[in-house]
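Asks: here's my sequence, what's the structure:
(chains A and B)
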Amino acid sequence: MRTPNITLIHETVSLCFDEVLATLGERTKRIIYDFLARRGIDREDLSSRFDDVERVLVELYGQGGRSVMVGTLAKLCEEYSIPLNLTYSDSLANRMAQLTENILMQKLIPKHFRKDVETRTFEDKTGSFAGWTD
Amino acid sequence: MERAAFDSAIQISLSNTLRSLGEDCLSSVLSLLGSGRDVPLTSLTSYLGEIDTVLDELFGKFSKIIKHVTILEASSQLKLDPPKLGNSLFWMVEELRSTLWKAQ
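Replies: Purely as a prediction, here's the structure:
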């Protein structure tokens, strides 16, 4: 199994952000990605530029836009099975930094990655496709 | 677990989620719930049916994310698996309550 590293955290944050945007509908999701791209923020930059993304969304949608960032943090915590505890920090970007540090220190692995590895291992061993995959 | 402890977990999760969006978000929700007069924070859970409507009116499609975050945080606090995430906070809370009841 790959050791937990910063790249895996970036990938997981992007995945969580994408899942949260999906709840808003495909059109809104496309608009937000397009708006971020025009501000020079690519999908892989989401976790490293968390405060910039937050600023853009608040500018675009007001305080409701911030819910996307809170939702991303909540999903990230669910992926790594750690508590969200929003009150532990004065800003969402700081909480993101705290969570990243926590994940790296505890060498945590996200659920989606564990499931991928379990599926690949099962398929390699049996030579057949796992029943829980599509 | 007592009903009061469960309600408290929901209330704390919802108020923390709203506070994280901005200073005045929680007070706006409390004010709308009481039709201009602030509802006490401690009785927030007795307005769950109305909270769904108030969140939808205030935040539009973003209300769904706020409801999901509230349920994810409450589930984490209560050490329960979150229910299937849907559109209604009221029903997700009821599902979570039912999960807790089954676990006991």
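Asks: now residue A:31: how far from chain B?
Replies: According to CB to the nearest CB, to the nearest Å, residue A:31 and chain B sit 12 Å apart. In short, each C-beta sits where N, CA and C put it, glycine included.
Asks: which of the helices or strands spans that residue?
Replies: Assigned by DSSP states H and E, residue A:31 falls within helix A:26-38.
Asks: need the residues that contact that helix.
Replies: A:18, A:21, A:22, A:24, A:42, A:43, A:53, A:56, A:57, A:60, A:68, B:61 (CB atoms under 8 Å, 6 or more residues apart in numbering or on different chains).
Asks: got a quick PyMOL command for the buried subset of these?
Replies: Of the contacts of helix A:26-38, the buried ones go into a single PyMOL selection, burial set by 16 or more other CB atoms under 10 Å in any protein chain shown:
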select buried, chain A and resi 21+24+53+56+57+68
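Asks: let me see the mean pLDDT of the helix holding residue A:31.
Replies: Across helix A:26-38, pLDDT averages out at 95.
Asks: check the offset of that helix from the chain's centre.
Replies: 16 Å (CA atoms, centre = their mean, to the nearest Å).
Asks: can you check stretch B:53-68 too?
Replies: 11 Å.
Asks: how about that stretch: buried residues?
Replies: Neighbour-count burial for stretch B:53-68 [16+ other CB under 10 Å]: B:54, B:55, B:56, B:58, B:59, B:62, B:63, B:64, B:65, B:66, B:67, B:68.
Asks: same check on stretch A:51-70?
Replies: For stretch A:51-70, the neighbour count (16+ other CB under 10 Å) marks A:52-58, A:61, A:63-70 as buried.
Asks: farthest-separated two in those residues?
Replies: Using CB to CB, those span at most 18.1 Å, a distance reached by A:52 and A:64.
Asks: just the residues contacting stretch B:8-26, thanks.
Replies: Against stretch B:8-26 from outside (CB under 8 Å, 6+ apart): A:63-64, A:66-67, A:70, A:86-87, A:92, B:29, B:41-42, B:44-45, B:48, B:51, B:58, B:66, B:69-71, B:73-74, B:77-78, B:89, B:93, B:96.
Asks: buried among those residues? Make that a ChimeraX selection.
Replies: Selection of buried members from the contacts of stretch B:8-26 for ChimeraX, criterion 16+ other CB under 10 Å:
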select /A:63,64,66,67,70,86,92 /B:29,44,45,48,51,58,66,69,70,71,73,74,77,78,89,93,96
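Asks: now intersect the contacts of stretch B:8-26 with the helices, please.
Replies: Among the contacts of stretch B:8-26, the members found in helices (DSSP state H) are A:63-64, A:66-67, A:70, A:92, B:29, B:48, B:51, B:58, B:66, B:69-71, B:73-74, B:77-78, B:89, B:93, B:96.
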